[in-house]
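# Take this sequence and fold it.
(chains A and B)
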Amino acid sequence: MSDITITERQAGDVTILDLDGKVTIGEGSVALRTAIRRVLGEGKNKILLNLGAVGYIDSSGIGELVSSFTAVNKEGGTLKLLNLTQKIQDLLAITKLLTVFDVYEDEAAALASYN
Amino acid sequence: MNTQEIKLPSRIESVDAAAEAADEFAKKCGCGDECVYALDLAIRESVANAVKHGNKFDETKEVEISFEEFENVIEIRVRDFGTGFSVADVPDPTDPENLLKSNGRGILFMNSFMDEVKWENPPGGGLRVKMRKKL
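Alright, predicted model coming up:
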């Protein structure tokens, strides 16, 4: 059984990826990378990652968030984060990545920010 | 005093195996949730480093791990058999010019969540990281 499930939803021109599980070295990080590439390949470049059900993330997972961010930027798009758990928030603070990512606690506010 | 030693092959799956062993050991020693999380994260990062950067996925080389609990401290040692590296040469991942790099944050996490992290060059080669966490 996979460590992570990624479900795609569409809200207007924003693609929401709901992540459920662990984003760690190996399967979890690869699954996120694959999902981002697939969405970008479909020409969708406004992406909102919902991390509310991510129970665990390691440095590889954090690195994959950064890679996703830069990959989406390269395509002229925007990647934002939604529903950080306290643990993820702590790790993003330690790595000073809270200064890089646009982070939201409310989905409606996150979606409105793309306009 | 509790002790445990395991040897794992140099592949990514060993990261999960090491974390499971660390979780079991930590709970046996009476660690709380915060302590278990810290040990879990630290051993994942250190074993991932040993597999990737130390042994470079060479499955003829093992990763040696030991857990020890004494005087309300848990000590974890993780050793690889690679060519070693200088921790001082690892770029600071929080430096603005490194923020968008996709790797290089493992040591920062180990230092952030453990009370003490030391690097040693043991006899016989390789690199060993010794990490301590107060219970």
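# Please count neighbours and contacts with C-alpha atoms only from this point.
Will do.
# Starting from B:D115, give me the distance back to A:A108.
41 Å (C-alpha to C-alpha, to the nearest Å).
# Next: A:Q10.
Distance of A:Q10 to B:D115, computed by C-alpha to C-alpha: 44 Å.
# residues near B:E34, how many?
11 (other C-alpha atoms under 10 Å in any protein chain shown).
# swap that for B:K101, please
15.
# now do A:L97
20.
# What residue, apart from its backbone neighbours, is nearest it spatially?
Distances taken as C-alpha to C-alpha, 6 or more residues apart in numbering or on different chains place B:L99 nearest to A:L97, at 6.9 Å, with adjacent residues excluded.
# Now that we're looking at that neighbour, what pLDDT does it have?
As predicted, B:L99 sits at a pLDDT of 96.
# neighbours of the residue of chain B found nearest chain A, just the number please.
Using C-alpha to the nearest C-alpha, B:S102 is the residue of chain B that sits closest to chain A, at 4.2 Å. B:S102 is flanked by 19 other residues according to other C-alpha under 10 Å.
# quick one, phi psi at the closest residue to it other than its chain neighbours?
Leaving aside its chain neighbours, B:S102 sits nearest to A:G63 (4.2 Å; criterion: C-alpha to C-alpha, 6+ apart). With angles defined as degrees, to the nearest 10, A:G63 sits at phi -60, psi -40.
# isn't A:G63 right next to B:N103, touching?
Yes. Contact criterion C-alpha atoms under 8 Å: A:G63 and B:N103 qualify, at 5.4 Å.
# Between these two, which is the more surrounded one?
When neighbours are counted by other C-alpha under 10 Å, A:G63 comes out ahead of the other of A:G63 and B:N103, with 23 against 17.
# So which residue is dead centre in chain B?
The centroid of chain B falls nearest to B:S46 when counting by C-alpha atoms, centre = their mean (2.7 Å).
# thought that one was touching B:R105?
No. Contact criterion C-alpha under 8 Å: B:S46 and B:R105 do not qualify, at 11.1 Å.
# which parts of chain B sit against chain A?
Within reach of chain A by C-alpha under 8 Å from any C-alpha of the partner chain, chain B has these residues: B:12-13, B:41, B:44-45, B:48, B:93-94, B:99-106, B:108-109, B:112.
# Could you give me the PyMOL syntax to select whichever of these are buried?
Command for PyMOL that selects the buried part of the residues of chain B next to chain A, burial taken from 16 or more other C-alpha atoms under 10 Å in any protein chain shown:
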select buried, chain B and resi 12+41+44+45+48+93+94+99+100+102+103+104+105+106+108+109
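# Helix, strand or coil: sort out B:D58 for me.
Recorded secondary structure, B:D58: coil (DSSP: H, G, I helix; E, B strand; the rest coil).
# show me where chain B has strands.
Remark: strands assigned in chain B by DSSP state E are B:2-9, B:62-70, B:73-79, B:116-120, B:128-134.
# which of these is buried the deepest?
Scoring those by mean neighbour count under mean count of other C-alpha atoms under 10 Å in any protein chain shown gives strand B:73-79 as the most buried, with a mean of 22.
# Next, the contact list for the closest residue to A:V14 other than its chain neighbours, please.
Leaving aside its chain neighbours, A:V14 sits nearest to A:K46 (4.9 Å; criterion: C-alpha to C-alpha, 6+ apart). A:K46 is in contact with A:D13, A:V14, A:T15, A:V72, A:G77, A:T78, A:L79, A:Y114, counting by C-alpha atoms under 8 Å, 6 or more residues apart in numbering or on different chains.
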